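Colleague: Turn this into a model:
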Amino acid sequence: MDSSDTEPQLIAEAIAAFAANNLTHQQTLGQRPLDSKVMVGIVMKGTAPTFYKVEVTAALVTTVAGGVYPEAQTTVYAHIPNIPRPNRRWREGMRPLDNRAVIMSCYEAFERFVD
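Modeller: Below you'll find the predicted structure:
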């Protein structure tokens, strides 16, 4: 897969996961569907991660499912860890210990967004 495809795929999967979770809330658990939820994900290129979070709304799911361009803007936040040698990020990834320390601290910080 071309690496340029990873971000749109992650966003599409976040929207699909939100829709599936809402369906479970309604049909299986008998709960009201959520209006919105911050969905998170990580894209790896080798051992170099990029962290994402996107707020998915029920309105976004409806417009995407209907093939309509959404009226409201959706913001996607991406974080690329600030490693010591950024120009060698994709080649080195987590192999050098100094890169690994930075990346692991990002994973720990990212954990608070996962539920």
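Colleague: looking at the chain, which helix or strand is least sure?
Modeller: Ranked by mean pLDDT, DSSP states H and E, the helix or strand of the chain with the weakest confidence is helix 89-92, at a mean of 92.
Colleague: Please identify the buried residues of the helix or strand following that helix?
Modeller: Where DSSP states H and E defines the elements, the next helix or strand beyond helix 89-92 is helix 97-110. Using 16 or more other CB atoms under 10 Å as the test for burial, helix 97-110 gives 99, 103, 106, 110. For glycine as for every other residue, the C-beta is placed from the backbone atoms N, C-alpha and C.
Colleague: What of stretch 17-33?
Modeller: 18-19, 22.
Colleague: for this protein, which helix is longest?
Modeller: In the chain, assigned by DSSP state H, the helix with the most residues is helix 6-27.
Colleague: Pretty sure residue 74 sits against residue 54.
Modeller: Yes: the pair residue 74 / residue 54 is scored as a contact, 6.5 Å apart, by CB atoms under 8 Å.
Colleague: More neighbours: which of these two?
Modeller: residue 54 (20 against 16; other CB atoms under 10 Å).
Colleague: what residue of the chain is the furthest out?
Modeller: Centroid-distance maximum for the chain: residue 30 at 27.2 Å, with CA atoms, centre = their mean.
Colleague: Look up phi and psi at that residue.
Modeller: Main-chain torsions, residue 30, degrees, to the nearest 10: phi 70, psi 30.
Colleague: mind checking the SS state of the spatially most central residue of the chain?
Modeller: The centroid of the chain falls nearest to residue 41 when counting by CA atoms, centre = their mean (2.9 Å). Assigned with DSSP: H, G, I helix; E, B strand; the rest coil, residue 41 falls in the strand class.
Colleague: what's near enough to touch it?
Modeller: For residue 41, the contact set (CB atoms under 8 Å, 6 or more residues apart in numbering) comprises 10, 13-14, 51-53.
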